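> kindly generate the corresponding structure for this input.
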Amino acid sequence: MELTTALGALFVSAFASATVLPGTSEAALAGLLHHYPHARLWAWLAAGTGNTLGSLVSYAMGRMLPERIAAVPDTVRARLARWGKWSLLLAWLPVLGDALPLAAGCLRWRVLPCALLLAVGKFARYAPVVWLLA
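Residues are numbered from 1 along each chain as shown. Predicted structure coming up:
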């Protein structure tokens with residue numbers, strides 16, 4: 001498989017992993033790094049970008065829901081209010097993390113701070129994998 005094809009597949013895997021779809025982006029990243037150890041930076045960028053954009057799609061879905069449908073349960077609203085936008089740094093966590101961008105969209109949080117925090121968390125998610133396999 002060509003490097004560009006492998007990077008594209010990694011991007012798609014990371015994108016899907018950020019949604020409610022099951023994904024194994026860390027395994028895809030490890031596989032790519034095994035075959036292309038010289039492409040660490042490109043692999044990290046593809047995985048981080050795909051995962052960030054996947055979360056932004058979840059954010060947009062929450063944002064587009066009508067307010068009467070997008071009712072966030074009071075317990076979730078209270079927890080998100082406690083940590084605010086900083087909770088989006090944990091959007092890389094399995095299951096729980098998938099819901100954070102969706103909830104941020106439902107709560108109509110501003111997109112730019114959300115996007116920046118999501119990107120920081122998502123890129124940080126893949127850094128240890130790249131570092132350990134380097």
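> residue nearest the centroid of the protein?
residue 51 (3.7 Å; CA atoms, centre = their mean).
> hey, which helix or strand in this protein has the poorest pLDDT?
helix 74-83 (a mean of 81; mean pLDDT, DSSP states H and E).
> give me the buried positions along that helix.
residue 80 (16 or more other CB atoms under 10 Å). (C-beta placed from N, C-alpha, C; glycine too.)
> what residues does it touch?
72, 87, 99-100, 103-104, 107 (CB atoms under 8 Å, 6 or more residues apart in numbering).
> inside helices: which ones of those residues?
99-100, 103-104 (DSSP state H).
> pLDDT score assigned to residue 12?
Turning to residue 12, the model gives it a pLDDT of 96.
> excluding its backbone neighbours, what's nearest it?
Leaving aside its sequence neighbours, residue 12 sits nearest to residue 50 (CB to CB, 6 or more residues apart in numbering; 6.7 Å).
> tell me what the helix or strand where the one you found lies is packed against?
Per DSSP states H and E, residue 50 falls inside helix 40-64. When contacts are defined as 3 or more CB pairs under 8 Å, 6 or more residues apart in numbering; DSSP states H and E, helix 40-64 sits against helix 3-17, helix 25-35, helix 96-106, helix 111-132.
> for the closest residue to residue 28 other than its chain neighbours, list the residues it contacts.
In this structure, residue 28 finds its nearest non-sequential neighbour in residue 13, 4.1 Å apart by CB to CB, 6+ apart. Residues near residue 13 by CB under 8 Å, 6+ apart: 23-25, 28, 47, 50.
> do that again at 7 Å, thanks
23-25, 28 (CB atoms under 7 Å, 6 or more residues apart in numbering).
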